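Chemist: okay, predicted coordinates and the sequence, questions at the end:
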Amino acid sequence: QVQLVESGGGLVQAGGSLRLSCAASGRTFSRYGMGWFRQAPGKEREFVAVNRWSGGSTYYADSVKGRFTMSRDNAKNTVYLQMNSLKPEDTAAYYCAASPNKYGSSVPSEYAYWGQGTQVTVSS
């Protein structure tokens, strides 16, 4: 069982930055593939980034590549999402998720555990 708690969301102007954190419970955190997803009102949940259990490989959606950076600290059971050069279209609720698939996935249904989400709003 893994419990996830996100934090760090807020209101920021276009071009600004935010860092999201996701704190996980459980002793086997390092074995899980970890992902970030987002969901805007009226839209489906969208893949943002995924990090493999080893922490060695991270993959990003094309829409955030070069602007967002996902990192992972297994010692602290925490993953981060550094978001730079934010755009109004980045406005959404952001969720972290843990997958028993240690390689992670871009598919939401492959994640067994989800946080409650944190709202990011980017004003123009």
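Modeler: Yes, it's here.

Chemist: rest of the way, CA atoms for contacts and neighbours
Modeler: Fine.

Chemist: residue 106 contacts residue 49, correct?
Modeler: Yes. Proximity of residue 106 to residue 49 meets the contact threshold set by CA atoms under 8 Å, at 7.5 Å.

Chemist: which one's more surrounded, those two?
Modeler: Neighbour count, other CA atoms under 10 Å: between residue 106 and residue 49, residue 49 has more, with 26 against 18.

Chemist: show me the shaky parts of the protein.
Modeler: For the chain, the stretches with pLDDT under 70 are 27, 54-56.

Chemist: find the nearest non-adjacent residue to the most centrally placed residue in it, please.
Modeler: Against the mean C-alpha coordinate of the chain, by CA atoms, centre = their mean, the closest residue is residue 36 at 2.3 Å. Using CA to CA, 6 or more residues apart in numbering and skipping residues adjacent in sequence, the residue nearest residue 36 is residue 96, 4.5 Å away.

Chemist: test my guess that the one you found contacts residue 34.
Modeler: Yes. In this structure, residue 96 is within contact of residue 34 by CA under 8 Å, at 7.2 Å.

Chemist: what touches both of residue 106 and residue 49?
Modeler: Here residue 106 and residue 49 share the contacting residues residue 35, scored by CA atoms under 8 Å, 6 or more residues apart in numbering.

Chemist: and the residue lying closest to residue 105 once chain neighbours are set aside, what does it touch?
Modeler: The shortest distance from residue 105 to any non-neighbouring residue, by CA to CA, 6+ apart, is to residue 50 (6.6 Å). Residue 50 sits next to 33, 34, 35, 36, 58, 59, 60, 70, 104, 105, 106 when contact means CA under 8 Å, 6+ apart.
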